[in-house]
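Participant: only geometry, no sequence info:
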């Protein structure tokens, strides 16, 4: 992502209000689940595991146990499906085999830095370096060029070793554009978010350093973003230097300055729900990517585009446990809660399995029809051949 993409995104969002959430906003994964369970009206018990972490036991109306909601595993997600998503290599292999467009990528062990360098820059001026086994943007290095490649490669290896993980490095084509998150809930596309890396907007007199301080002060008053300030670090300083600026530069009034390429909210990023702006091709790609992974019913797909209406999206990652807070608490515009839809769909499927002949509401019938359509898509992808 570069500043031209940032300008385009903010222009498209110019008529959407910026949100400030009260301090009752839930910033925990399980807190959002508990609220959704209460909203849907499902009988439940909040329990705690051996480490003291909460999880929810759901009950049917007759008192029998329906399912457990854990922090990192949905009751409708088989563990093998989650394992595929947790392994970026396997995910790419599965998606590519099913005709889903993904970036060029290769995986290397710690002693293959020289080979990785040669293969990566044979056709690409910049690449992404990713830790094989880490998530949430940790161990992801964007816009890596030849001069810094081997140093970045070693840093990525050491990071994984320090965290006790198998040290492998994924080197990936740097796809031009910006990142979107599509959330598929039990076979239906629920929402599409644009993920905006940390940035500031000039006032004609303040330095970038001062603009960051001012923006962090505003974020500090927001119940959701108050613990997610823009964080200054060496990578940010290096990123600014690539643009020919420093922390002491003074942007013109109205000038947007991109501070990083990492779009996670924990790094100061922002979001907006833009489902209404994306193309049908984008929506179809997201649904096909989720359906391509065996057993996967609910997913978060990270997808690169160069415009909201792009007809040629590129899937860069699949997640079996999408974090709903991104769409519950967007920075701009109206939010949406996919957890409520998940629970309603899950209940409808369970009710059908318990008694296929029972009378259904229109909403339950629609959920079941969505499941059937999604199963048909999965069957089609599993039997089709892609070159």
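Facilitator: Done, it's in. If you're wondering where the values come from, they're calculated on a predicted model, not measured in any experiment.
Participant: what about residue 256, how many residues close to it?
Facilitator: 16 (other Cβ atoms under 10 Å). Placement of C-beta: from N, CA and C, glycine included.
Participant: Settle this for me: it is touching residue 3, isn't it.
Facilitator: Yes: assessed by Cβ atoms under 8 Å, residue 256 is found in contact with residue 3 at 6.2 Å.
Participant: Show the model's pLDDT score for the closest residue in space to residue 381 that isn't next to it in sequence.
Facilitator: Spatial nearest neighbour of residue 381, chain neighbours left out: residue 98 (4.8 Å); criterion: Cβ to Cβ, 6 or more residues apart in numbering. If you check residue 98, the pLDDT there is 94.
Participant: go on, residue 224?
Facilitator: 86.
Participant: In this model residue 326 seems to touch it, though I could be wrong.
Facilitator: No: look at residue 224 against residue 326 with Cβ under 8 Å: they stay out of range, at 10.3 Å.
Participant: Can you pull the poorly scored residue ranges out of the stretch 1-150 of the chain?
Facilitator: Residue ranges of the stretch 1-150 of the chain with pLDDT under 70: 25, 136.
Participant: for it, what spans make up the helices?
Facilitator: With helices called from DSSP state H, counting those that start in this stretch, the stretch 1-150 of the chain shows them at 3-12, 29-40, 79-86, 88-97, 113-120, 146-162.
Participant: Residues contacting the first one, please?
Facilitator: Residues lying outside helix 3-12 but in contact with it, judged by Cβ atoms under 8 Å, 6 or more residues apart in numbering, are 177-178, 194, 196-197, 199, 243, 256-258, 274, 277, 306-308.
Participant: make it 6 Å
Facilitator: 178, 194, 199, 256, 258 (Cβ atoms under 6 Å, 6 or more residues apart in numbering).
Participant: do the second one as well
Facilitator: Under the contact criterion Cβ under 6 Å, 6+ apart, helix 29-40 has outside partners 26, 44, 54, 56, 69, 71, 324-325, 339-340, 343.
Participant: Only the buried subset of those, as a PyMOL command please.
Facilitator: Remark: buried members of the contacts of helix 29-40, expressed as a PyMOL selection using 16 or more other Cβ atoms under 10 Å:
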select buried, resi 26+44+54+56+69+324+325+339+340+343
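Participant: So which of the contacts of helix 29-40 belong to strands?
Facilitator: Among the contacts of helix 29-40, the members found in strands (DSSP state E) are 44, 54, 56, 69.
Participant: what would these look like in CSV with distance to residue 86?
Facilitator: Output for the ones in strands among the contacts of helix 29-40, formatted as CSV (distance: Cβ to Cβ, whole Å):
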residue, distance to residue 86
44, 27
54, 22
56, 22
69, 19
